[in-house]
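S.K.: how would this look folded up:
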Amino acid sequence: MARAPSDARGKTRLLKAFGLDDGTELRRAILLDTLDLVQQVPGAERVLVFTPETGGDEIAELAGSEFRLVAQRGVDLGERLEHAFADLFALGYSAVTIIGSDLPTLPVDYMKRGIAVLRRQADPLALGPAMDGGYYLIGLRMNHPEIFHGIPWSSADVRAETLSAAEAHGLSVTLLPSWYDIDSVDDLRRVLEPATEGARKPRRTHAWVTERFRGDNNW
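M.R.: The predicted structure follows:
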């Protein structure tokens, strides 16, 4: 799921911390590095569920021919996730794994593990815990809109409440290793750290950080 990089509503908290008004280049770098990650996962069709609807041309240019494009629907994240799963299952996919577009360092193996869960279980929930209390990956083989209802989005309780909803509805849950998305200055600092636990070195995001803060030891 991705927002067009030119949409100024993306990464506002991070940009404010840096005192930046225009974050288009950073958002583009993070998105493209994440798309590179997805293209390294074998045996899966790739879909980019995008917003805003007017950003379709921009997204198409960035995604190229490797991705099918589907517009997001819904007001908040819960509705957008709910509709994304419904729309993708309606297109005929037998299993759907969704990640965010701000995961440039995510180890490819974590995505592979999530897909493997869906292939070996009848009605599973694969969940990749994010370090902020949310999740970076969610995968289903059947549509379960109820796990997106009543969730306190943008809070540290997202994952816990999602797991409670999954348990209440009898889903078999498999948790993947924890990882982080790029939401804060500390998250972006980690891009410059040596790769650990199979982390990817995101070429474009790394270049943006290096150029922006060259010689600045205080950021």
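S.K.: Mind listing what's buried along the lowest-mean-pLDDT helix or strand in the chain?
M.R.: Least confident helix or strand of the chain, by mean pLDDT, DSSP states H and E, is helix 12-18 with a mean of 84. For helix 12-18, the neighbour count (16 or more other Cβ atoms under 10 Å) marks L14, L15 as buried. C-betas here are computed from N, CA, C, even on glycine.
S.K.: so what secondary structure elements neighbour it?
M.R.: Under the contact criterion of 3 or more Cβ pairs under 8 Å, 6 or more residues apart in numbering; DSSP states H and E, helix 12-18 touches helix 185-189.
S.K.: Just the residues contacting stretch 16-36, thanks.
M.R.: When contacts are defined by Cβ atoms under 8 Å, 6 or more residues apart in numbering, stretch 16-36 is touched by residues 2-3, 5-8, 10-12, 14-15, 48, 62-63, 66-67, 99-104, 106, 182, 184-185, 200, 202-205, 207-208, 212, 219.
S.K.: what comes up buried for it?
M.R.: Those buried within stretch 16-36 under the rule 16+ other Cβ under 10 Å are G23, L26, R27, R28, A29, I30, L31, L32, D33, T34, L35.
S.K.: Could you do stretch 123-139 as well?
M.R.: Buried positions in stretch 123-139, judged by neighbour count with 16+ other Cβ under 10 Å: 124-130, 132, 134-139.
S.K.: So which of those residues sit within strands?
M.R.: Residues of the buried residues of stretch 123-139 located in strands (DSSP state E): P124, L125, A126, L127, G128, P129, Y135, Y136, L137, I138, G139.
S.K.: partner residues bridging the first one?
M.R.: Meaning P124. S172 (DSSP bridges).
S.K.: If I look at N217, what pLDDT would I see?
M.R.: Looking at N217, its pLDDT reads 56.
S.K.: With G55 instead?
M.R.: Reading off the model, G55 has pLDDT 95.
S.K.: Would you agree it is in contact with D7?
M.R.: Yes: counting by Cβ atoms under 8 Å, D7 is a contact partner of G55 at 6.2 Å.
S.K.: I'd like to know which of the ones in strands among the buried residues of stretch 123-139 is nearest to I115.
M.R.: Distance to I115 across these (Cβ to Cβ) is lowest for G139, with 7.1 Å.
S.K.: wouldn't that closest one be in contact with I115 here?
M.R.: Yes: in this structure, G139 is within contact of I115 by Cβ under 8 Å, at 7.1 Å.
S.K.: shared neighbours, the two?
M.R.: A95, T97, A126.
S.K.: Name the nearest residue to G114, ignoring sequence neighbours.
M.R.: Sequence neighbours aside, A126 is the residue nearest to G114 in space, at 4.3 Å (criterion: Cβ to Cβ, 6 or more residues apart in numbering).
S.K.: just the strands in the protein please.
M.R.: Going by DSSP E, the chain shows strands at 2-3, 47-51, 68-71, 96-99, 124-129, 135-140, 172-175.
S.K.: Out of the buried residues of stretch 123-139, which two sit at the greatest distance?
M.R.: Put simply, by Cβ to Cβ the two of the buried residues of stretch 123-139 set farthest apart are P124 and D132, 23.7 Å from each other.
S.K.: residues contacting V96?
M.R.: Taking Cβ under 8 Å, 6+ apart, we find V96 in contact with A84, F85, L88, F89, G139, L140, R141.
S.K.: which one among these gets closest to A44?
M.R.: When those are ranked by distance to A44 (Cβ to Cβ), G139 comes first, at 10.6 Å.
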